[in-house]
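Chemist: Next input, structure requested:
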Amino acid sequence: MQIVFQIINEVSNKFVDEKMLTAKQTRESFKDFFASKGHQIVPSAPMVVKGDPTLMFTNAGMNQFKDIILGNVPAKYARVADSQKCLRVSGKHNDLEEVGHDTYHHTMFEMLGNWSFGDYFKHEAIDWAWEYLVDKLGLDASRLYATVFEGYAADGLGRDDEAAGYWGQHLPTDHILNGNKKDNFWEMGDTGPCGPCSEIHIDLRPEAERKAVSGASLVNKDNPQVIEIWNLVFMQYNRKADGSLEPLPAKVIDTGMGFERLCMALQGKTSNYDTDVFQPIIQHIAALTGFNYGDDPAHDVAMRVVADHLRTIAFAITDGQLPSNAKAGYVIRRILRRAVRYAYTFLNQKEAFLFRLLPILIETMGDAYPELIKHKTLIERVMKEEEEAFLRTLDTGIRLLDKKIAEAKAAGIKTLNGTDAFTLYDTFGFPLDLTELILREQGMDVDVPAFDAEMAKQKERARHAAAVEKGDWVVLREGESRFVGYDFMEADVEILRYRKVKQKNKELYQVVLDQTPFYAERGGQVGDTGWLQSETGRLAVLDTKNENNLSIHLMEHLPEDPSASFTAHVDVQKRLASECNHSGTHLLHEALREVLGKHVEQRGSYVSPEALRFDFSHFQKVSDEELREVERRVNEKIRADYPLEEVRHMPIAQAKKLGAMALFGEKYGEEVRVVKYGSSIELCGGTHIPRTGMIGSLHILSESSVAAGVRRIEAVTATGAEEALYRYQDVLRELRAMFNNIPNLAQAVHKSIEENAELHKQLEAYAKEKAVSLKKEFLAHAEERGGFKLMRYVGEGSTELLKDIAFQIKGELKDGFALVAGLLHEGKPSLMIMLGEDLVAGGANASQLVKEAAKFIQGGGGGQAYYATAGGKNPDGLAKAVDSIIASL
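Modeler: Predicted coordinates for the structure are as follows:
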């Protein structure tokens, strides 16, 4: 740790002038400034998004306020400011491939932002942005430019003269530039809130360059020294499904400033990576690898990639997203593997490396984000295991690529097939540039258009699978939806609004009720199903989802009269089964902490009517004895029949004082719901059983590893536990019957296994004897045929046995022989050819011969020039197949 502090001190002295603000000071100055303007300073939301099907990661500061902007919930504060962790790697904001190669793109970044929900608008937003940048921070006003929306005739929108007028109070006319719809009209999506925006750009070029070329001509032209630092969005419209615009009832200010870019401007640097945000990490990388930053462009890119991706991976893990092969987990795994690949290729790091950088990341960012400190051990273990796994995969991929290179060279081909390159990318995480690098060393290249075509197909498949067409909301009544499902399983309801959605060619309706007993999927608990009852009949509710804090009921059909009144009925049996499993996870969590230790914390869960899944932090396999003790303790708590004690609105600080356990990666408000059974206390918004006795019992089905330092238990409760017991009893009964109901079943099974092993040894010995006998017979009856010995065999035999004989003969003779066999094993025909090296050198090819002969047995095959096999389904053709091969030799 001493080296970490030493590097930070050296970097701070070298890269940040005493008169300049450090990164930490800059972050705090922004919060202090907007607090002085009456803004509530709120913490960053998790970088990993939950409860919003349109997003995997927070990619802008406004994401945590989306439900307010959409009007789903009222704003608690009219003015808000924060520093938000963001991640942009996929979809519309795909910056991944630029990261490390330029000076200002990142995967994880911080966005400083201020918001107004129906309070101030353009005038204050522009004035305060100017006051903060110029008066507070002291940026050179002559280097600043502002863009305003130029208008868009198709939408009936003119130039944003209002914003231009306010900018005119601070900037000369030639520093106020018109921007097109792409750059200066912000939209949340295809539909929803939108409006013009005004970007603030800064020209960081040397004075001589500024005099030679106007900064105005370089705004939004991808010049790395003339960059956008702040975007002020003026949300004043709502985009409908037909593309038309209507005014928003409450206007919203949403601003976002790139923290890293601001630090670059304040510290007089020309690259974000030269600031004290990144330099402590980069210098630590240099110290560990022995490469100096600034000496070699390839090394520099690699160090920037590693420094950037380290932050992303660490924050993703702290926010509850572990690397995996699906959805958000796959994105994090891909980023981690990109960092490992750069360290492997350019920094000569052949062993796990990233996890060793975590202490310096914590030192630079732990004050602002204490979750890094709290989850340090977990982050290190997950990183290390993921790195080691990928390094093994890299070796496998390199061996596969070496094989493809050898095959191509043997065929006189100098271009690798694009499909093979894509397989390396998709299966082994090989980016195209790594494949190209290895190929260049071998004097080869890759078919890039074919690779791009495969990539386009994959993206199209993913786009098609995820595409959801949504119509406009049809509003029947104004109002907010209330959840009443904690207290009721049915309720009299009215439909507030509905819309049609289409996904995978299936049409459904999303329905919002004025009050609902249906629990919407969140916190690991699946959504309720049931039906809406009216005088004319019932309509099924297929699922209930949570979108931006709004309960969405999915229905296949709408009522004939949507404006009528209905009775909403939850499927009680499914709800109770889910509640048994959900309450069971709380008791399981507590029992795990009692048996394994207080280091155990929830890392995720899934609760359905059928079963429960519980992920938790623990760094080794849970033994059978420990699992049995955990199960015993859970069932003791169930039999204790503890009543549900809940407080629906408790200040979070008070809840934590009570010892309430929080869900990993969740963001909680100032007030939380507390659920208590006996000594088990958790923060939880899910539904639960009234008394633990109703759970009946809990039975653990399995325990496994999910990721480094994370274990998973799958279990069942209530009728699910009973059914599991019945299945075990049925299996046991069948086994006893197999052994004539012998009293000591385990002893009988053990004896049977031992006898089987002994018989297997005898069979192996017999097979070896037969192989020796057959080999002697082959050699003794070999037919001299034009300078080589021909050995022909048609009959019963396994491919493995004949293969062993063939390679023994090859080892003894090497040249001057050909073994051709037609085998019948368990009714299935197969062919095998082994050729001497001289026959192969003379042009004979076992692979080609077996492919031709396989048609006689209605099959196919292949192999190498000296050894090949084929399988088929026509045993009657074996002799003809063998004879056709011999005739071709």
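Chemist: Number of residues surrounding the nearest residue to Asp420 once chain neighbours are set aside?
Modeler: Counting by C-beta to C-beta, 6 or more residues apart in numbering, Asp420 lies nearest to Lys404, which is 5.4 Å off, once chain neighbours are set aside. C-beta here means a position set from N, CA and C on the backbone, and glycine is covered the same way. For Lys404, the number of neighbouring residues by other C-beta atoms under 10 Å comes to 20.
Chemist: list the contacts for Lys404?
Modeler: Shown in contact with Lys404 (C-beta atoms under 8 Å, 6 or more residues apart in numbering): 416-417, 420.
Chemist: cool, Leu87 as well?
Modeler: 47, 57-59, 107-109, 312, 315-316.
Chemist: do you know how far Gly862 is from Ala854?
Modeler: The gap separating Gly862 from Ala854 is 9 Å, by C-beta to C-beta, to the nearest Å.
Chemist: Spit out the residues that contact the two alike.
Modeler: The contact lists of Gly862 and Ala854 share Ala870, where a contact means C-beta under 8 Å, 6+ apart.
Chemist: what about the two, which has more around it?
Modeler: Taking neighbours as other C-beta under 10 Å, Gly862 and Ala854 compare with Ala854 leading, 24 against 13.
Chemist: Can you tell me the SS state at the more buried one?
Modeler: helix (DSSP: H, G, I helix; E, B strand; the rest coil).
Chemist: Hmm, Gly872 and it touching each other?
Modeler: Yes. Assessed by C-beta atoms under 8 Å, Ala854 is found in contact with Gly872 at 6.0 Å.
Chemist: most remote residue from the chain's center?
Modeler: Note on the chain: the largest C-alpha distance from the chain mean falls to Glu784, namely 64.2 Å (C-alpha atoms, centre = their mean).
Chemist: What's opposite that residue in the beta bridge?
Modeler: Legend: beta-bridge partners of Glu784 under DSSP bridges are Lys789.
Chemist: From Ser884, how far out is it?
Modeler: Using C-beta to C-beta, we find Glu784 at a distance of 21 Å from Ser884.
Chemist: Now do the helices in the stretch 251-400 of the chain.
Modeler: Ranges of helices in the stretch 251-400 of the chain, per DSSP state H, counting those that start in this stretch, are 259-266, 279-289, 297-318, 327-346, 358-365, 371-374, 376-410.
Chemist: ok now the fifth one, how far from the chain's centre?
Modeler: It refers to helix 358-365. 24 Å (C-alpha atoms, centre = their mean, to the nearest Å).
Chemist: how far off helix 279-289 does it point, in degrees?
Modeler: When axes from the mean of the first three to the mean of the last three C-alpha atoms, to 10 degrees is applied, the directions of helix 358-365 and helix 279-289 differ by 160 degrees.
Chemist: State the pLDDT value of Tyr634.
Modeler: Not Tyr; residue 634 is Val. Reported pLDDT at Val634 in the predicted model: 98.
Chemist: residues near it, how many?
Modeler: By other C-beta under 10 Å, the residues close to Val634 number 28.
Chemist: which of the residues in the helix or strand where it lies are buried?
Modeler: Under the criterion of DSSP states H and E, Val634 resides in helix 624-639. Of the residues in helix 624-639, those with enough neighbours to count as buried (16 or more other C-beta atoms under 10 Å) are 627, 629-631, 633-635, 637-638.
Chemist: Output the contacting helices and strands for that helix.
Modeler: Applying 3 or more C-beta pairs under 8 Å, 6 or more residues apart in numbering; DSSP states H and E, one finds that helix 624-639 makes contact with helix 572-596, strand 698-707.
Chemist: Low-confidence ranges, the chain, go.
Modeler: Along the chain, the parts satisfying pLDDT under 70 run over 1-19, 51-53, 90-95, 462-468, 663-667.
Chemist: Could I get the contacting residues of Asn348?
Modeler: Asn348 makes contact with Thr289 under the criterion C-beta under 8 Å, 6+ apart.
Chemist: Over to it: give its phi and psi.
Modeler: Phi and psi for Asn348, reported as degrees, to the nearest 10, are phi 60, psi 40.
Chemist: Equivalent analysis for Val675, please.
Modeler: Torsion angles, degrees, to the nearest 10, at Val675: phi -120, psi 130.
Chemist: swap in Ala718?
Modeler: phi 50, psi -130.
Chemist: looking at this, Gly485 is in a helix?
Modeler: No. Assigned with three-state DSSP, Gly485 falls outside any helix and is coil.
Chemist: residue contacts, it?
Modeler: Contacts for Gly485 (C-beta under 8 Å, 6+ apart) come out as 516-519, 528, 570, 687.
Chemist: go again using 10 Å as the cut-off
Modeler: Gly485 makes contact with 491, 515-520, 528, 544, 551, 568, 570, 575, 687 under the criterion C-beta atoms under 10 Å, 6 or more residues apart in numbering.
Chemist: Columns distance to Met832 and mean neighbour count on top of the helices and strands packed on helix 624-639, output as JSON lines?
Modeler: Output for the helices and strands packed on helix 624-639, formatted as JSON lines (distance: least, C-beta to C-beta, whole Å; neighbours: other C-beta atoms under 10 Å):
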{"stretch": "helix 572-596", "distance to Met832": "55", "mean neighbour count": "22"}
{"stretch": "strand 698-707", "distance to Met832": "41", "mean neighbour count": "17"}
